[in-house]
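Participant: Here's my sequence, what's the structure:
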Amino acid sequence: MDGHLFITVLAYHVLHSIRFKLRQKGIHHKWSTIRTLLSTHVRISTTMKRRDGKMIHIRKSSKTELSHKEIYNALNISSSPGKILKTVL
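Facilitator: Below you'll find the model as predicted:
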């Protein structure tokens, strides 16, 4: 129970810090709106089999939209997280 309470309080403080920084930059959305806006920015994994039998795994981020960039810039976070990763097995 102590661990659950600690994580909950920690999450509350992180949430409050994010919303405070956004308000300082003029973004006054509800938390549910921020989550909805950012839910369309995802990492995509694709796996394909080559003719020689080897597998190709590609992982990349979707394109950032204007609403994503506004939030990321306000939080001083990169709008293009992670690189394109390509692995051949």
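Participant: hey, where'd the helices end up in the protein?
Facilitator: 2-24, 31-38, 66-74 (DSSP state H).
Participant: right, and residue 79 touches residue 70 too?
Facilitator: No: under the contact definition of Cβ atoms under 8 Å, residue 79 does not touch residue 70, with a separation of 9.4 Å. The way it works is simple: take the backbone N, C-alpha and C, and place the C-beta from them, glycine included.
Participant: OK, contacts around the nearest residue to residue 73 once chain neighbours are set aside?
Facilitator: Counting by Cβ to Cβ, 6 or more residues apart in numbering, residue 73 lies nearest to residue 79, which is 7.2 Å off, once chain neighbours are set aside. Residues in contact with residue 79 (Cβ atoms under 8 Å, 6 or more residues apart in numbering) are 64, 68, 69, 72, 73.
Participant: Distance of the most far-flung residue of the chain relative to its centre relative to residue 15?
Facilitator: The centre of the chain is farthest from one residue, residue 52, which by Cα atoms, centre = their mean lies 35.0 Å away. The span separating residue 52 from residue 15 equals 49 Å under the rule Cβ to Cβ, to the nearest Å.
Participant: do residue 73 as well
Facilitator: 19 Å.
Participant: List the contacts of residue 86.
Facilitator: 56, 57, 58.
Participant: possible to save those residues as JSON lines with pLDDT and distance to residue 41?
Facilitator: Below are the contacts of residue 86 laid out as JSON lines (pLDDT from 0 to 100; distance: Cβ to Cβ, whole Å):
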{"residue": "56", "pLDDT": "93", "distance to residue 41": "24"}
{"residue": "57", "pLDDT": "93", "distance to residue 41": "21"}
{"residue": "58", "pLDDT": "93", "distance to residue 41": "18"}
